[in-house]
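Asker: This is the structure alone, sequence omitted:
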Ligand code: AMP
């Protein structure tokens, strides 16, 4: 590996590199810097953000710029105002010991008059968003006639944002004979066409695999029912006490809703979307950068300008419509040599989209089980215990109160004291997860990489043909998915009965089973007891519009639809008829047990 000293940098640049703490060049720098310092070649570099590409083009560019000449020698185009500011800041750092290099960022959403004044003073390097630059060229403020280097940074993002025409227009303004560098996370037809039109025999460099996301990002997914998405998100956050991540949503509305719920539920979260003013967006981004927020719920567009290196998680609350957007999202974690994970919450219907993304990323996506309440409580508890072990106490202050504290707590032995401290600390978690009401994984038998699993999921095997059963147990009986599965398993002699959707209500529930098991299961369960109660199971009534057995893919059967348990005490007829039906089947003795 070559080091920075051997690359041919001037002492001023080397000093700046040292001050920035860069010890060795990153892979993209090893490849790009010698080419830039050595000759006039055009370069296409396929590299994600976070790979060190700003220094790859920035360090040689700063070295090559002649500060004695007062005109614009280089143009850097990038998609967002935030990236403009970041590149400008980085270049300013690189140029700290190399004379009076003038760099100006010009972007939309800020005063154009100030930018015109800045340009009039003379600028060596312009860092611009395409739309604003066109405006400045039109007003005669930006002159590109002496530009010898053009850098297109995050070219794919610029194209996604519809800047193709603006880029073409700008490149027409730059005199022939300039060199062009194009940085992009992915290679698309549009990128190739820009390369063909404006680049001369470009050298192509790929960091990592072409069109694949960063090597140190792993990809995982939870298969969830749509109604459980938010609950699963909470579980991810609860299971990862040190999480620092972006939750990507598809729409502004969804972004706001998810963020509001998280805030209401006491999480350190906020929303970033296009309905916020620029000032509000800046404030949210600043809070997130400073880690005053752990979770940023954002749309793709709003998160574009945000550049944070040490994200632990990217969460795809909704999968993007455009599969390439996934690469951008996941590329936000696993940066600057760190590892990260991109987790997708995938609805059963979206599995096809996930397979497409998996093909694009060329990495296996791991199905992970949703953390159970017990696992979450355990993780939180030990996280807190670690903090308890290592906390530094201010003895002087505390000692003043110690005698009084000791006296007050004298009646509690060590075990009782510990229990109480833990209860206080874990009130929320224990409350949330006390009853073991775990989110049911729609596909319990999944394993391995998506799409390559040896086993097919139950729904794939029995598509649309589940039989929906009624059971006389509900949440108030302490009956949750865990208990249902245990009840089924313990009454089917070890045979694995494929279970579909489970709808738990207060005093009764519905669940789906693969039809060929239905009769046997009904028979077995009707001889079983749960908590000393006789279990009653029967086929749920069919929908009135389509009378066909097993056609209960999600809706409550008409027969039960207006029989919400909470309304039972108010209404006479429905609850009566239900009890009557049961009486007729199980006898009067059982009636008492059903009516609570
Ligand atoms: P970029 O891809 O340009 O956004 O850079 C990602 C991060 O890597 C930034 O925080 C840089 O400061 C950092 N970085 C760039 N080059 C190096 C290097 N050679 N050694 C260590 N960190 C670097």
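Answerer: Cool, got the structure. This structure is a prediction, so every number in the text was calculated from the model and none was measured. Numbering: from 1, shown residues only.

Asker: Every contact and neighbour count from this point should use C-alpha atoms.
Answerer: Will do.

Asker: need the contact list for the most centrally placed residue in the chain.
Answerer: Geometric centre of the chain, nearest residue: residue 315, 1.4 Å, by CA atoms, centre = their mean. Counting by CA atoms under 8 Å, 6 or more residues apart in numbering, residue 315 touches 245, 246, 247, 248, 342, 343, 344, 345.

Asker: For it, what are phi and psi?
Answerer: With angles defined as degrees, to the nearest 10, residue 315 sits at phi -120, psi 120.

Asker: Return the distance of the closest residue to the ligand within the stretch 351-500 of the chain relative to residue 16.
Answerer: Per CA to the nearest ligand atom, residue 361 is where the stretch 351-500 of the chain lies closest to the ligand, at 19.1 Å. Separation of residue 361 from residue 16 (CA to CA, to the nearest Å): 36 Å.

Asker: same deal with residue 312?
Answerer: Residue 312 sits 29 Å away from residue 16, going by CA to CA.

Asker: Ok, residue 285 next?
Answerer: As judged by CA to CA, residue 285 and residue 16 stand 27 Å apart.

Asker: Between these two, which has more neighbouring residues?
Answerer: Per other CA atoms under 10 Å, whichever of residue 285 and residue 16 has more neighbours is residue 285, with 24 against 19.

Asker: before we move on, which element is the more buried one in?
Answerer: In the assignment (DSSP states H and E), residue 285 maps to helix 278-289.

Asker: residues making contact with that helix?
Answerer: 109, 270, 271, 272, 273, 293, 294, 295, 296, 306, 308.

Asker: Generate a ChimeraX selection restricted to the buried entries among those.
Answerer: Restricted to buried positions by 16 or more other CA atoms under 10 Å, the ChimeraX selection for the contacts of helix 278-289 reads:
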select :270,271,272,273,293,294,295,296,306
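
Asker: Between the contacts of helix 278-289, which sits nearest the ligand?
Answerer: The ligand has its nearest neighbour among these in residue 308, at 8.1 Å by CA to the nearest ligand atom.

Asker: Wait, a helix at that closest one?
Answerer: No. Judged by DSSP: H, G, I helix; E, B strand; the rest coil, residue 308 forms no part of a helix; its state is coil.

Asker: From residue 331, how far out is the nearest residue in space to it that is not next to it in sequence?
Answerer: Using CA to CA, 6 or more residues apart in numbering and skipping the chain neighbours, the partner closest in space to residue 308 is residue 289 (6.5 Å). Distance, residue 289 to residue 331, by CA to CA: 17 Å.

Asker: Which of those two has more residues huddled nearby?
Answerer: With neighbours defined as other CA under 10 Å, residue 289 and residue 331 compare such that residue 331 has more, 26 against 17.

Asker: you'd agree that one is up against residue 48?
Answerer: Yes. Applying CA atoms under 8 Å as the test, residue 331 and residue 48 come out as touching, 6.4 Å apart.

Asker: ok so, going back, and the residue nearest to the centre of the chain, what pLDDT?
Answerer: In this model, residue 315 is scored at 96, pLDDT.

Asker: Any idea what it is bridged to?
Answerer: According to DSSP bridges, the partner residues bridging residue 315 are residue 247, residue 343.

Asker: please renumber so the chain begins at 321
Answerer: I'll keep to 321 as the first residue from here, and by that count the last item is residue 635.

Asker: Enumerate the residues of the chain near the ligand.
Answerer: The interface of the chain toward the ligand, taken as CA under 6 Å from any ligand atom, is made up of 342-346, 369-375, 656.

Asker: re the thing from before, only the buried residues of the helix holding residue 605, if you could.
Answerer: Residues 601, 604, 605, 607, 608, 609 are the ones in helix 598-609 that count as buried (16+ other CA under 10 Å).

Asker: before we move on, back to that, for the residues of the chain next to the ligand, work out which two are farthest apart.
Answerer: 343 and 369 (19.2 Å; CA to CA).

Asker: between the two, who's got more neighbours?
Answerer: Each of residue 343 and residue 369 has its neighbours counted (other CA under 10 Å); residue 369 has more, 22 against 11.

Asker: looking at it, the more buried one is touching residue 652, isn't it?
Answerer: Yes. The pair residue 369 / residue 652 is scored as a contact, 7.4 Å apart, by CA under 8 Å.

Asker: any chance you could map the helices in the stretch 671-820 of the chain?
Answerer: Counting by DSSP state H, counting those that start in this stretch, the stretch 671-820 of the chain has helices at residues 671-681, 693-710, 715-728, 734-745, 747-753, 778-781, 801-810.

Asker: now the ones you listed in a markdown table, with mean neighbour count?
Answerer: Below are the helices of the stretch 671-820 of the chain laid out as a markdown table (neighbours: other CA atoms under 10 Å):
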| stretch | mean neighbour count |
| --- | --- |
| helix 671-681 | 17 |
| helix 693-710 | 15 |
| helix 715-728 | 10 |
| helix 734-745 | 12 |
| helix 747-753 | 15 |
| helix 778-781 | 15 |
| helix 801-810 | 16 |
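
Asker: Could you save those helices as JSON lines and add columns showing mean pLDDT?
Answerer: Shown next, in JSON lines, are the helices of the stretch 671-820 of the chain (pLDDT from 0 to 100):
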{"stretch": "helix 671-681", "mean pLDDT": "82"}
{"stretch": "helix 693-710", "mean pLDDT": "80"}
{"stretch": "helix 715-728", "mean pLDDT": "83"}
{"stretch": "helix 734-745", "mean pLDDT": "82"}
{"stretch": "helix 747-753", "mean pLDDT": "67"}
{"stretch": "helix 778-781", "mean pLDDT": "36"}
{"stretch": "helix 801-810", "mean pLDDT": "85"}
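
Asker: returning to that earlier point: filter the residues of the chain next to the ligand down to the buried ones, ChimeraX style.
Answerer: Buried members of the residues of the chain next to the ligand, defined by 16+ other CA under 10 Å, are picked up in ChimeraX with:
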select :345,346,369,370,371,372,373,374,375
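
Asker: Let me know the closest of the residues of the chain next to the ligand to residue 506.
Answerer: Distance to residue 506 across the residues of the chain next to the ligand (CA to CA) is lowest for residue 369, with 11.2 Å.

Asker: mind listing what the closest one touches?
Answerer: By CA under 8 Å, 6+ apart, the residues touching residue 369 are 505, 651, 652, 655.

Asker: neighbour-wise, which of these leads?
Answerer: Highest neighbour count within the contacts of residue 369, by other CA under 10 Å: residue 652, with 29 neighbours.
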